[in-house]
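K.L.:
make a model of this:
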Amino acid sequence: MRFRGPPVQNVSFPRVTRLVRAVGALCLVSGITFFYTHLVHVNSVTVALSFLLAVLGIATRWGLTEALAASVFGMLCFNYFFLPPIGTLTIADPQNWIALFAFVVTAVITSQLSASAKMQALESQHRQHEMERLYTLSRNLLLVDGREPLAQQVANQVAKVFDLPALGFFDRTTDRIHQAGPHDIPVEDTKLRDAALQGTVFHDSTSHTTIMPISLGGPPIGSLAFQGTMVSETALHAIANLTAITLERARAQQVATRAEAARQGEELKSIMLDALAHEFKTPLTPIKAAVTSMLSDGCTSPTHQQLLSIVDEETDRLNTMLTEAIQ
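P.N.:
Sure, this is the predicted structure:
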């Protein structure tokens with residue numbers, strides 16, 4: 001059985017964005033070329049430095065791919081417009097070949113260095129962002145309530161905090177699959193169950209789906225399926241551990257609650273039994289006294305004496321039973 005949570009939107013267009021950035025890089029190089037060919041006339045060294053600064057800025061702002069495209073296009077523009085013979089891609093002076101080669105090598109190296117520094121900074125920011133999301137998730141999981149199934153609340157919180165387009169959560173205890181996000185996980189239910197039963201991680205490159213078991217050192221208690229997520233492998237394991245901790249904590253609380261209820265029930269039963277025993281013993285005392293007095297007087301017939309003896313014996317027996325019950 002599947003249960004769905006509220007939709008979570010997550011839309012990105014990396015290819016379109018990269019294409020737009022590449023076009024922007026080419027436009028920047030074209031702008032520099034137009035500026036130095038039509039507005040300000042300078043020597044080739046100044047032009048080369050301008051191109052290098054532009055490539056460095058592109059690498060810092062956008063990345064290595066865009067910077068390499070700008071480097072190649074800048075090299076062609078530098079050769080065509082600023083190295084004699086002007087207007088051709090051939091070079092007359094051998095020294096200009098050295099200058100062109102130096103420009104290309106410098107542009108590529110600076111692009112790689114700048115892009116590498118940017119990637120490290122982005123990775124650091126991404127890790128920090130993941131840590132913040134994991135903290136938010138752990139805080140939200142501590143505040144779940146009993147208005148809906150706990151497994152569904154966990155799935156909703158994970159999908160919401162990490163902006164996942166699709167998430168599936170198989171709860172092995174209830175044998176139910178809970179869905180969260182705007183889309184369904186494009187994998188069969190049997191794969192979610194197999195991951196939980198076998199304790200293995202499953203990756204589907206076609207649908208960009210990852211299924212991992214949930215456990216806390218013992219047998220898996222379920223499995224989580226993520227689709228289209230940019231979350232790191234470490235963060236995915238952290239999410240699985242937080243989910244397992246939440247479920248185990250809730251179940252431990254339920255066990256403790258039932259145990260406390262049972263203890264209170266036994267205590268109440270004992271109090272009630274003691275009260276009833278004392279209440280029963282109260283009338284036995286005068287009954288015992290009256291029967292004993294009548295037996296000692298000998299004013300009744302032998303038949304009545306026998307009956308009174310029976311009453312006396314049963315009174316003693318009942319008194320003994322009540323005494324044992326309250327001890």
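K.L.:
look at the most centrally placed residue in the chain and report its pLDDT.
P.N.:
Centroid-nearest residue in the chain: I239, 3.3 Å away (criterion: CA atoms, centre = their mean). Per-residue pLDDT puts I239 at 85.
K.L.:
and I86, helix, strand or coil?
P.N.:
Under DSSP: H, G, I helix; E, B strand; the rest coil, the three-state class of I86 is coil.
K.L.:
mind listing what it touches?
P.N.:
By CB atoms under 8 Å, 6 or more residues apart in numbering, I86 lies in contact with Y80. No exception for glycine: its C-beta is placed from N, CA and C like everyone else's.
K.L.:
where does the stretch 101-250 of the chain dip in pLDDT?
P.N.:
The model of the stretch 101-250 of the chain has pLDDT under 70 over residues 103, 146, 228-230.
K.L.:
now do the helices in it.
P.N.:
150-161, 189-198, 233-297 (DSSP state H, counting those that start in this stretch).
K.L.:
before we move on, back to that, the nearest residue to the residue nearest to the centre of the chain once chain neighbours are set aside - how many residues pack around it?
P.N.:
Nearest residue to I239, sequence neighbours excluded (CB to CB, 6 or more residues apart in numbering): V158, at 5.9 Å. Burial measure for V158: 27 neighbouring residues, criterion other CB atoms under 10 Å.
K.L.:
OK, contacts around V158?
P.N.:
By CB under 8 Å, 6+ apart, V158 lies in contact with 137, 164, 167, 169, 180, 224, 239, 243.
K.L.:
in strands, which of those fall?
P.N.:
Using DSSP state E, 167, 169, 180, 224 are the members of these that sit in strands.
K.L.:
mind putting the residues you listed into a markdown table with distance to R258 and neighbour count?
P.N.:
A markdown table is the format used below for these (distance: CB to CB, whole Å; neighbours: other CB atoms under 10 Å):
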| residue | distance to R258 | neighbour count |
| --- | --- | --- |
| L167 | 31 | 27 |
| F169 | 25 | 27 |
| A180 | 29 | 26 |
| L224 | 28 | 25 |
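K.L.:
need the max-distance pair from those residues.
P.N.:
Farthest apart among the ones in strands among the contacts of V158 by CB to CB are A180 and L224. That separation is 10.3 Å.
K.L.:
give me the common contacts of the two.
P.N.:
With CB under 8 Å, 6+ apart, A180 and L224 have common neighbours 158, 167-169.
K.L.:
can you redo those residues as a markdown table with distance to Q264?
P.N.:
As requested, the shared contacts of A180 and L224 are exported to a markdown table (distance: CB to CB, whole Å):
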| residue | distance to Q264 |
| --- | --- |
| V158 | 36 |
| L167 | 40 |
| G168 | 40 |
| F169 | 34 |
